[in-house]
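>>> This is the structure alone, sequence omitted:
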């Protein structure tokens with residue numbers, strides 16, 4: 001790692017070290033920290049970008065960016081959306097609609113080589129992709145970085161190779177293409193064990209693994225319940241003036257008169273009962289209750305995502321995944 005990169009950035013890489021959501025006992029204290037980290041991120045980095053999945057965490061992060069940019073007269077950073085070719089249609093529709101509403105430029109990070117092979121051969125999720133039919137760039141990642149020896153791998157996100165090529169390689173290529181030096185992301189301490197030791201500013205400087213950059217992580221201190229509290233207390237009422245602050249809809253029909261779900265910056269998949277948004281192939285819901293009405297404290301947030309194995313996540317994060 002190069003301690004001097006980026007030379008013009010002055011942030012505390014130990015900020016948040018050893019902390020947990022309990023260190024920020026109120027929603028106000030969590031928001032205050034999120035605003036402070038976001039402001040530092042927009043100040044210190046020359047070309048920051050925000051990772052936006054259309055999910056609740058990255059959308060909340062984008063809300064803080066919007067607020068800070070408006071209050072302190074920052075230019076809004078570009079949003080990077082990783083297109084892994086297996087999204088729910090509702091997710092991409094949501095991102096496009098709110099990007100236009102919020103005047104956010106979105107760039108799509110795709111592994112074009114893998115995507116073109118899938119399209120050309122009419123592959124469906126789960127079908128095999130021959131490693132030798134991919135570009136040298138992708139073959140290098142499969143053979144040299146992952147040390148994968150099989151002749152094929154399945155076109156799925158739930159695998160080490162599929163996830164790495166379709167997400168991590170796509171992201172790292174986008175960081176290099178756009179010269180991004182700071183990635184603002186919506187990861188949280190409580191979301192996964194693999195993220196529990198993250199700090200608010202996290203260096204990713206090894207050029208042998210990824211284009212050198214920093215991760216800027218404003219909502220580490222939010223637990224899942226806190227994210228929803230922030231939406232109903234702040235985000236939704238500010239976006240929808242007629243929405244009463246603090247009103248938590250108990251069902252899809254429980255909205256104030258004249259307000260519809262298209263007015264609200266929350267993915268319709270959460271309204272339908274999904275708690276975590278992965279791929280249309282491997283993510284399921286266990287109930288029809290809206291996500292925020294479920295037992296968040298005693299159940300696993302990402303239980304419906306087949307790819308969510310801690311050893312896989314740890315390895316992918318070492319290679320540059322979020």
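In hand now; what should we look at? Since the model is a prediction, treat every value here as computed from it, not as a measurement.
>>> Count the neighbours of residue 65 for me.
The local packing count at residue 65 equals 28, with neighbours defined by other Cβ atoms under 10 Å. The C-beta positions use only the backbone N, C-alpha and C, and glycine is treated the same way.
>>> Repeat that for the one 10 residues further on.
Burial of residue 75, expressed as a neighbour count using other Cβ under 10 Å, amounts to 8.
>>> List the contacts of residue 88.
Shown here is residue 88, whose contacts under the criterion Cβ atoms under 8 Å, 6 or more residues apart in numbering are 269, 277, 279, 280, 283.
>>> Chain neighbours aside, what residue packs nearest to the second one?
The reference is to residue 277. Excluding its sequence neighbours, the residue lying closest to residue 277 (Cβ to Cβ, 6 or more residues apart in numbering) is residue 55, at 4.7 Å.
>>> how far away is that neighbour from residue 266?
Here the distance between residue 55 and residue 266 works out to 10 Å (Cβ to Cβ, to the nearest Å).
>>> go on, residue 286?
According to Cβ to Cβ, residue 286 stands 19 Å off from residue 266.
>>> more crowded one of the two?
residue 266 (24 against 13).
>>> Now the more buried one: closest residue in space, sequence neighbours ignored.
Counting by Cβ to Cβ, 6+ apart, the nearest residue to residue 266 once its immediate chain neighbours are dropped is residue 231, at 6.4 Å.
>>> Might one say that residue 62 is in contact with residue 54?
No. When contacts are counted by Cβ atoms under 8 Å, residue 62 is not listed as touching residue 54 (10.0 Å).
>>> what sits in contact with each of the two?
With the criterion set as Cβ under 8 Å, 6+ apart, the contacts of residue 62 and residue 54 do not overlap.
>>> The residue of the chain positioned farthest from its centre and residue 233: what is the separation?
Among the C-alpha atoms of the chain, the one most distant from their mean position (Cα atoms, centre = their mean) is that of residue 257, at 32.1 Å. Distance of residue 257 to residue 233, given as Cβ to Cβ: 21 Å.
>>> do the same with residue 94
Using Cβ to Cβ, which is the criterion applied here, residue 94 is 21 Å from residue 233.
>>> higher neighbour count, those two?
Taking other Cβ under 10 Å, residue 94 and residue 233 do not tie; residue 94 has more neighbours (22 against 17).
>>> Flag every buried residue along the helix or strand hosting that one.
With elements taken from DSSP states H and E, the one containing residue 94 is helix 89-102. Of all the residues in helix 89-102, those buried under the rule 16 or more other Cβ atoms under 10 Å are 90, 91, 94, 95, 98, 99, 102.
>>> so where do the helices sit in this structure?
Remark: helices assigned in the chain by DSSP state H are 27-44, 56-72, 89-102, 112-120, 136-140, 160-163, 170-178, 224-230, 236-239, 268-271, 310-318.
>>> tell me the contacts of the nearest residue to residue 148 once chain neighbours are set aside?
Taking Cβ to Cβ, 6+ apart, and ignoring the residues beside it in sequence, residue 148 has residue 142 as its nearest neighbour in space, at 4.9 Å. Residues counted as contacts of residue 142 (Cβ under 8 Å, 6+ apart) are 131, 134, 148, 153, 161, 165.
>>> Against residue 171, how distant is the nearest residue to the second one once chain neighbours are set aside?
Spatial nearest neighbour of residue 134, chain neighbours left out: residue 113 (5.8 Å); criterion: Cβ to Cβ, 6+ apart. For residue 113, the distance to residue 171 (Cβ to Cβ) stands at 15 Å.
>>> more crowded one of the two?
residue 171 (22 against 18).
>>> That one reaches residue 84, doesn't it?
No. With contact defined as Cβ under 8 Å, residue 171 and residue 84 do not form a contacting pair (10.1 Å).
>>> if we can go back for a sec, how deep is the residue nearest to residue 277 tucked in, by neighbour count?
The local packing of residue 55 (other Cβ under 10 Å) involves 23 other residues.
>>> Verify the stated contact: it with residue 274.
No. Shown here, residue 55 and residue 274 do not form a contact pair, counting by Cβ under 8 Å, at 9.5 Å.
>>> Fine by me, thanks again.
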